[in-house]
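Colleague: can't give you the sequence, but here's the structure:
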């Protein structure tokens, strides 16, 4: 009688639909990673929890519906998908025990690729592994609170919008908040171009008198006469021109320097 009941239970287990509703970790497959291919074939099916733990490295045990609470204080959690994070599905409808799937790639703000087990029946067999299958955020706020997931039997996204708790990251809580943002200093205002300040004052020639040597060469004497000689009533036109230049301070300096 007991043997007959066991057979009936086994048949009922295989008859259940494979849409993630059988995500319970009935047999712990963290030990599954080292099993041979023959041993793997002998298992009834692979649940989502051991496979998510194996590919993500997040060491949480127990049914998928417990992962979100178990991660509190142990792993960082959030609502943004990242490669390596685990998407935690909340129990819903026939998916009474929840579901967990590892994010393998972020395509855009609404699309990711997942690696998970025991979601789609493949070749009529449940508990199959699916790698890099699409999941699309269909929430109104784009906060990944509801997703549609690729379903192999129809070759497209499933029609159900599944509720999601969020993402569990393979790092300690608070680690991603360890950076301090420094306020950017305002850029200095551009100053108007200023004229260069003169190094010599406007009165730099004040008080300078040329030193004229009467014995200087004729050419130099001529310069002296043109720029430094006093005025007289009988001066010629050229003398008057020279006298007119006698007030030129630059001329006086040239006369002094060419002695």
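Modeller: Yep, that arrived. Quick caveat, the model's predicted, so the values are computed rather than measured.

Colleague: Can you point out the buried residues in the helix or strand hosting residue 102?
Modeller: Using DSSP states H and E, the element containing residue 102 is strand 99-108. Neighbour-count burial for strand 99-108 flags 99-104 (criterion: 16 or more other CB atoms under 10 Å). Where C-beta positions appear, they are placed from N, C-alpha and C, glycine not excepted.

Colleague: Closest one of these to residue 168?
Modeller: Proximity of these to residue 168 (CB to CB) peaks at residue 100, which lies at 8.1 Å.

Colleague: Spit out the contact partners of that closest one.
Modeller: 23, 48-49, 52, 64, 67, 86-89, 116 (CB atoms under 8 Å, 6 or more residues apart in numbering).

Colleague: residues near residue 77, how many?
Modeller: Counted with other CB atoms under 10 Å, residues neighbouring residue 77 total 18.

Colleague: hang on, the earlier thing: reformat the buried residues of strand 99-108 as TSV; add distance to residue 252 and pLDDT.
Modeller: Below are those laid out as TSV (distance: CB to CB, whole Å; pLDDT from 0 to 100):
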residue	distance to residue 252	pLDDT
99	102	98
100	99	98
101	97	98
102	94	98
103	90	98
104	91	98
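
Colleague: Make TSV from these and add distance to residue 135 to it.
Modeller: Output for those, formatted as TSV (distance: CB to CB, whole Å):
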residue	distance to residue 135
99	11
100	12
101	7
102	11
103	8
104	10
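
Colleague: Closest to residue 163 out of the residues you listed?
Modeller: Relative to residue 163, the closest of the buried residues of strand 99-108 is residue 99; by CB to CB it sits at 10.4 Å.

Colleague: For residue 86, list each beta-bridge partner.
Modeller: When assigned by DSSP bridges, residue 86 has beta-bridge partners residue 102, residue 168.

Colleague: do residue 150 as well
Modeller: Beta bridges link residue 150 to residue 157 when assigned by DSSP bridges.

Colleague: Around it, how many other residues sit close by?
Modeller: Other residues close to residue 150 by other CB under 10 Å number 20.

Colleague: Equivalent analysis for residue 95, please.
Modeller: Neighbours of residue 95 (other CB under 10 Å): 21.

Colleague: Can you tell me how far it is from residue 64?
Modeller: Relative to residue 64, residue 95 is positioned 9 Å away (CB to CB, to the nearest Å).

Colleague: Could you do residue 111 as well?
Modeller: From residue 111 over to residue 64 (counting by CB to CB), the distance is 22 Å.
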